[in-house]
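In: 3D, please:
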Amino acid sequence: MSQKRWSPGDHVTWTYYTHAHDTITVRPGTVVLDDDRGIVVWIAPGTEVLLPVLESGAPLRRAGDEGMFTEQRHQSKQLWTGNGILMIGLPDKPYSVWLFYRDDGTLGCYYVNLESPLERTDEGVRSRDMVLDLVVLPRRDYHYKDEDELEGAERVGYFSPQEADQIRAWGREAERDIRAWCYPFNAGYEYFFPNPSWGTPALPDHYTWEKDLTDRETHRKR
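Out: Coordinates of the predicted model:
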């Protein structure tokens, strides 16, 4: 991994790709911190993002636990609505941690997104999403999310049985870190508030999309 570091206030992109489809997920964000512990990026409300969708423009989940991996995907541009999220990438860990905040600015939950270790690029960071996730509440209890989708991905060959077993093992690793309440859970990010002077990052000019859905008032749920 490149050791390039960004400074607070720099704009980067956070990208997810898949080996099975050409579409990608891209979120422009603002760097909060970037050091040996990892990178912390704020995704502001109203940010233009790239998301894969079904031909109708509907979210992939509308196709069901198997169809969401086999149906044709289209690249869309949308607006990130609702409250912003803080995304924390950790070097050499098979997951990132996202913090979702309520309307009053208090922490709603931590979201542990299982993924391949982050790669740094000239533009930001990129990873392969592994479908299975954990939701961690501020009182430190947690539960898995999207287990049914992982099973569907395995049934249709999106993940091999060996890959699915590895993903579940990564989930157990994340569980151990949650129980230990190590970084970034113990870093105080539940009290984070974005700098009011930060602008909203734009998608870099080289990206293209098939569907412009920025006028839709849909909420991105993870």
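In: assign Asp65 to helix, strand or coil.
Out: Three-state call for Asp65 (DSSP: H, G, I helix; E, B strand; the rest coil): helix.
In: avg pLDDT for stretch 197-216?
Out: Averaged over stretch 197-216, pLDDT sits at 94.
In: tell me which other helices or strands the longest helix belonging to the chain touches.
Out: Secondary structure assigned by DSSP state H gives helix 161-180 as the longest helix of the chain. The elements that helix 161-180 packs onto, with contact taken as 3 or more Cβ pairs under 8 Å, 6 or more residues apart in numbering; DSSP states H and E, are strand 95-101, strand 107-115, strand 124-136, strand 142-145, helix 147-155. (C-beta placed from N, C-alpha, C; glycine too.)
In: tell me the angle of that helix relative to strand 95-101?
Out: Relative orientation of helix 161-180 and strand 95-101, computed by axes from the mean of the first three to the mean of the last three Cα atoms, to 10 degrees: 50 degrees.
In: ok, and what's touching helix 161-180?
Out: Residues from elsewhere that reach helix 161-180, judged by Cβ atoms under 8 Å, 6 or more residues apart in numbering: 93-95, 112, 114, 130-132, 134, 136, 140, 142, 144, 150, 153-154, 159, 185.
In: in that helix, which residues are buried?
Out: By 16 or more other Cβ atoms under 10 Å, the buried positions in helix 161-180 come out as Ala164, Ile167, Trp170, Gly171, Ala174, Asp177, Ile178.
In: what is the neighbour count of His206?
Out: Residue crowding around His206 was assessed by other Cβ atoms under 10 Å; the count is 6.
In: for it, grab phi and psi.
Out: His206 has phi and psi values of phi -80, psi -10 when expressed as degrees, to the nearest 10.
In: from Cys109, how far out is Phe193?
Out: For Phe193, the distance to Cys109 under the criterion Cβ to Cβ, to the nearest Å works out to 17 Å.
In: and these two? Which one has more around it.
Out: Neighbour comparison, Phe193 and Cys109: the larger count goes to Cys109, with 16 against 8 (by other Cβ under 10 Å).
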